[in-house]
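A.B. asks: Following is a predicted model, sequence given first.
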Amino acid sequence: MPSSPKIQLRGDRILWLLVIAFAMISILILYSSTIALALRNETTPFEITMKQLISFAVGFALMIVCYCIPLRWWRKMAYMMLILSAILLLLAFFTKDHRHLAIGGLSIQPSEMAKISIVLYLGRIIEISKMETFKEYALKILLPVGTICCLTFLGSVSATIIILTVSFFILCCSKIKWKYILITILMVLMMGGIALGTFILTKGKVSLSPRIETFMNRIERHFTNEEDEANMTEEERRDKEAKEEQAMHAIQAIQIGRISGVGPGNGLKKYILPNAYDDYVFASIVEEYGLLGSIVIMLLYITFFYRCLIIAQACRKIFPIVTVLGLGLLIVLQAFLHIYVNTGIFPVTGQTLPLISNGGTSIVILSCAVGVILSINRTIELTVEKEKIIASQVEEQRQQEEERIRKVVKTLN
């Protein structure tokens, strides 16, 4: 009987293992940190963890799909994904919280998809365009990226900052003229200054989105201790107290953890910390697993980016290089932004710990991002193998020709 064909998963094996490690850590931490959430929703940590497990199952399935998609298809889909992201962001703007969009009973965050689509678009447009004039640069990069950033800004200021940072990194690593990049920086600073100045002068009365006002208030509370509580509404006062309480309990959880932590499942702050399973999951990890656990988490993300650097180094064209570096930086930047918030270095941003925090949309979309990276790595491996086969065939033909010539010479002699 003929043997059945074997399915061989290519790509960086360490990346595959890292994704599995993130999933295992996520399930372990969520089962412990969702007790308070389970009590509020009259459910059990097991049911919440099973939902996360389903999200990972869907994410892994889509990661395999993305992994199997040829690289040339990703080049073509870059434009479509950017347009789709803009449409979803615009639709989300008209929802209650400006961040989530309900589709088919599921709640998704368009800003997560926007992060991925920006990286793919920049990789594609930089690869095919020389950007010899500022007009071309403005139409092909500033306009599309600026539109996505403006739409994302209405729902999530922190997501916009991540997109701008990753975009700036990509532009600096490409062959874009530095004067264009400097002009872009000046434009962003000017627009940010106008927005901040308007917010301060009007005392928050002029705001396109409540998310912008929330972010500005968080910045102000983080870097100053001045609070005009007399002019606060009851809702603003409750929000201020809740955020301060979360930040305080997160820092206390980290202090309690010390070197080795209190042990899996023994953390106490998860009963008090409202978002111990998403926005403050790193604090929960440190409390139960200590400094050693936090070092392991950070090393996993650093290793992830290092493997992306290795893959990008093996690429020969602009699109795969930009895509791998951009997606890798996107995941690691969000991870360390989350860690800085948990340790009190940065104000609250609402960014989760990638591939660990509780959340369906983030898990699925970031799994797809990893799938794209693995797809590029698979393409590289297949290309190298093909080149080796061709080189081997050429060498074999050369040897056969030399043998034929020797026989002919021998016959003539």
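C.D. replies: Cool, got the structure. Numbers count the residues shown, from 1 in each chain.
A.B. asks: Sketch out the helices for the stretch 201-350 of the chain, chain order is fine.
C.D. replies: For the stretch 201-350 of the chain, applying DSSP state H, counting those that start in this stretch gives helices covering 210-223, 234-257, 281-314, 318-342.
A.B. asks: Give me the below-cutoff pLDDT ranges for the chain.
C.D. replies: Scanning the chain for pLDDT under 70 picks out the ranges 1-9, 96-97, 104-105, 195-245, 412-413.
A.B. asks: Name the residue closest to the centre of it, please.
C.D. replies: Ile331 (3.5 Å; C-alpha atoms, centre = their mean).
A.B. asks: what number of residues lie near the residue nearest to it when sequence neighbours are not counted?
C.D. replies: Leaving aside its chain neighbours, Ile331 sits nearest to Pro354 (4.8 Å; criterion: C-beta to C-beta, 6 or more residues apart in numbering). Where you see a C-beta, it was placed from the backbone N, CA and C, and this is true even at glycine. By other C-beta atoms under 10 Å, 24 other residues sit near Pro354.
A.B. asks: and the helices of the stretch 201-350 of the chain, which is most packed in?
C.D. replies: For the helices of the stretch 201-350 of the chain, the largest average neighbour count (mean count of other C-beta atoms under 10 Å) is found in helix 318-342, namely a mean of 23.
A.B. asks: which helices and strands sit right next to that one?
C.D. replies: Helices and strands touching helix 318-342, by 3 or more C-beta pairs under 8 Å, 6 or more residues apart in numbering; DSSP states H and E, are helix 71-93, helix 110-128, helix 157-173, helix 281-314, helix 360-412.
A.B. asks: Can you check the distance spanned by stretch 119-135, start to finish?
C.D. replies: For stretch 119-135, the first-to-last residue distance is 21 Å (C-alpha to C-alpha, to the nearest Å).
A.B. asks: Surely the residue nearest to Ile331 touches Gln334?
C.D. replies: Yes: counting by C-beta atoms under 8 Å, Pro354 does reach Gln334; the two are 5.2 Å apart.
A.B. asks: if I read this right, Ile35 contacts Pro45, doesn't it?
C.D. replies: Yes: counting by C-beta under 8 Å, Ile35 touches Pro45, with 5.6 Å between them.
A.B. asks: circling back to that earlier point, ok, the residue nearest to Ile331 - contacts?
C.D. replies: Contacts for Pro354 were tallied using C-beta atoms under 8 Å, 6 or more residues apart in numbering; they are Phe22, Tyr301, Ile331, Gln334, Ala335, His338, Ser362, Leu366.
A.B. asks: residue contacts, Gly328?
C.D. replies: Here Gly328 is in contact with Phe304, Phe305, Arg307, Cys308, Leu309, Ala312, Ile373 (C-beta under 8 Å, 6+ apart).
A.B. asks: again, but for Phe336
C.D. replies: Contact analysis of Phe336 by C-beta under 8 Å, 6+ apart lists Met298, Tyr301.
A.B. asks: From Asn358, how far out is it?
C.D. replies: Using C-beta to C-beta, to the nearest Å, we find Phe336 at a distance of 19 Å from Asn358.
A.B. asks: got it, and Ser156?
C.D. replies: Between Ser156 and Asn358 the computed distance is 17 Å (C-beta to C-beta).
A.B. asks: Quick one: distance of stretch 308-320 to the chain centre.
C.D. replies: 18 Å (C-alpha atoms, centre = their mean, to the nearest Å).
A.B. asks: What separates the first and last residues of that stretch, distance-wise?
C.D. replies: 11 Å.
A.B. asks: So what touches it?
C.D. replies: The contact list for stretch 308-320 (C-beta under 8 Å, 6+ apart) reads 12, 71, 74-75, 123-124, 126-127, 174, 321, 324-325, 327-329, 373, 376-377, 379-380.
A.B. asks: From those, keep the buried residues only.
C.D. replies: 12, 71, 74-75, 123-124, 126-127, 174, 321, 324-325, 327-329, 373, 376-377, 379-380 (16 or more other C-beta atoms under 10 Å).
A.B. asks: Look at Gly360 and say how many residues are nearby.
C.D. replies: By other C-beta under 10 Å, 18 other residues sit near Gly360.
A.B. asks: Ile297 is in contact with Ala283, isn't it?
C.D. replies: No: using C-beta under 8 Å as the test, Ile297 is too far from Ala283 to be in contact (11.6 Å).
A.B. asks: re earlier: relative to Leu62, which of the helices of the stretch 201-350 of the chain is closest?
C.D. replies: With C-beta to C-beta as the criterion, Leu62 lies closest to helix 318-342 of the helices of the stretch 201-350 of the chain, at 14.5 Å.
A.B. asks: Next one: the closest residue to Gly123 other than its chain neighbours from Val58, what distance?
C.D. replies: The shortest distance from Gly123 to any non-neighbouring residue, by C-beta to C-beta, 6+ apart, is to Val322 (3.5 Å). Look at Val322 and Val58: by C-beta to C-beta, they are 27 Å apart.
A.B. asks: ok so, going back, Throw the contacts of Pro354 into a markdown table and include distance to Cys66, thanks.
C.D. replies: Formatted as a markdown table, these follow (distance: C-beta to C-beta, whole Å):
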| residue | distance to Cys66 |
| --- | --- |
| Phe22 | 16 |
| Tyr301 | 20 |
| Ile331 | 14 |
| Gln334 | 19 |
| Ala335 | 20 |
| His338 | 24 |
| Ser362 | 16 |
| Leu366 | 11 |
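A.B. asks: Nearest to Val408, out of these: which one, please.
C.D. replies: Closest approach between those and Val408, by C-beta to C-beta: Ile331, at 61.7 Å.
A.B. asks: Next up, the contacts around the closest one.
C.D. replies: Taking C-beta under 8 Å, 6+ apart, we find Ile331 in contact with Tyr301, Phe304, Phe305, Pro354, Leu355, Leu366, Ala369, Val370.
A.B. asks: ok, now Tyr67?
C.D. replies: Contact partners of Tyr67, counting by C-beta under 8 Å, 6+ apart, are Leu9, Gly11, Gly371, Leu374, Ser375, Arg378.
A.B. asks: Recalculate using a threshold of 10 Å.
C.D. replies: Tyr67 makes contact with 9-11, 16, 368, 370-378 under the criterion C-beta atoms under 10 Å, 6 or more residues apart in numbering.
A.B. asks: Which two among those residues are spaced furthest apart?
C.D. replies: Counting by C-beta to C-beta, the most remote pair of the contacts of Tyr67 is Arg10 and Cys368, 17.6 Å apart.
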